[in-house]
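J.: just a sequence and a predicted model for now, questions to come.
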Amino acid sequence: MLTSQRKQLIREKLAAEGQVHSKDLSAYFKVSEDTIRRDLRELAAEGHLQRVHGGALPASSATGTFSERKSLKIDAKQRVARKGVELISDGQVVIIDGGTTTSELIKQLPTDLRITVVTHSPGIALGLIDHPAVEVILIGGRLYKHSIVTVGAAAIEGIGSIHADLFFMGVTGVHPDAGLTTGDYEEACIKRAFSGRAAETVVLASPEKINAASPFAIGSLSLINMLVVEDGTDEEWIRSVEAQGVSVVKA
């Protein structure tokens, strides 16, 4: 079998099964594990998968530039965002992460909703200017231009003085085994810090994030309380998430 044929079959198995293991692939194709690891390295470099210990997971497509991600699965993002708004009540302190799905969330907020929003995203802060009843606290720090959010020691310090009711966490991957992942190390640190300052953490997961993984771990699924997904999401996958103590809400 040609290398290109084997790599294509690996991609097909990954799409069908949600993960692949090097040892199993080695036996299936009757080649060495070194050969399989080389295949996985090359497929990862091409953006087709995310390597993990012992194998690979589907790579998230939610790791492009902000402008690229804005138009990705926009209808699904709007649906999960509308469901997310239903979780917010007057008088709450709500942390809103940066991202394209959370950008849809603030568009759905009622204009008379009285809450305090804490964010490290200048874009989220600017998007709330036309909401006169929303007080905005913008966390400072070094601007990470890829995601248009602040990161670094100053951001972590600012987060430490918050006690919030809700945190809407942005992720690029949600996987029962790999947990919650994102594409940048410092962003992962910020997300963990925010989660530690909120009574409840919610993830709005559009389809491209489900059963996918990115290079940097935010934490296990136990870090969140609720996951909002589209109606029609695979029921077996939902059960595997709920088994880890996460409430799943369908939009």
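T.: All right, it came through fine.

J.: can you list the domains in this protein?
T.: 3-59, 66-250 (the TED database).

J.: most tightly surrounded among those?
T.: domain 66-250 (a mean of 19; mean count of other CB atoms under 10 Å). No exception for glycine: its C-beta is placed from N, CA and C like everyone else's.

J.: and Val52, what pLDDT?
T.: On pLDDT, Val52 comes in at 86.

J.: can you list the low-confidence ranges for the stretch 1-150 of the chain?
T.: Within the stretch 1-150 of the chain, the stretches with pLDDT under 70 are 61-73.

J.: hmm, try it at 90
T.: 1-2, 15-19, 44-50, 52-54, 57-74, 111, 145-147 (pLDDT under 90).

J.: quick one, helices of it?
T.: 3-17, 22-29, 33-45, 66-70, 74-85, 100-107, 122-127 (DSSP state H, counting those that start in this stretch).

J.: identify whichever of these lies nearest to Ile224.
T.: helix 74-85 (12.8 Å; CB to CB).

J.: who are the packing partners of that closest one?
T.: helix 100-107, strand 198-204, strand 226-229 (3 or more CB pairs under 8 Å, 6 or more residues apart in numbering; DSSP states H and E).

J.: adding distance to Lys23, write the ones you listed out as JSON lines.
T.: Below are the helices and strands packed on helix 74-85 laid out as JSON lines (distance: least, CB to CB, whole Å):
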{"stretch": "helix 100-107", "distance to Lys23": "36"}
{"stretch": "strand 198-204", "distance to Lys23": "32"}
{"stretch": "strand 226-229", "distance to Lys23": "31"}
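
J.: Ala217 is nearest to which of those?
T.: Comparing the helices and strands packed on helix 74-85 by CB to CB, strand 198-204 comes nearest, at 14.2 Å.

J.: need the mean per-residue confidence for the following helix or strand past the closest one.
T.: Next along the chain after strand 198-204, taking DSSP states H and E as the criterion, comes strand 216-219. Averaged across strand 216-219, pLDDT comes to 95.

J.: contacts for strand 216-219 next, please.
T.: 169, 171, 178-185, 187-188, 191-192, 195 (CB atoms under 8 Å, 6 or more residues apart in numbering).

J.: same question for stretch 23-33.
T.: Met1, Arg6, Leu9, Ile10, Lys13, Ser22, Thr35, Ile36, Asp39, Gly54, Gly55.

J.: show me the two of those residues that sit farthest apart.
T.: Met1 and Gly54 (22.6 Å).
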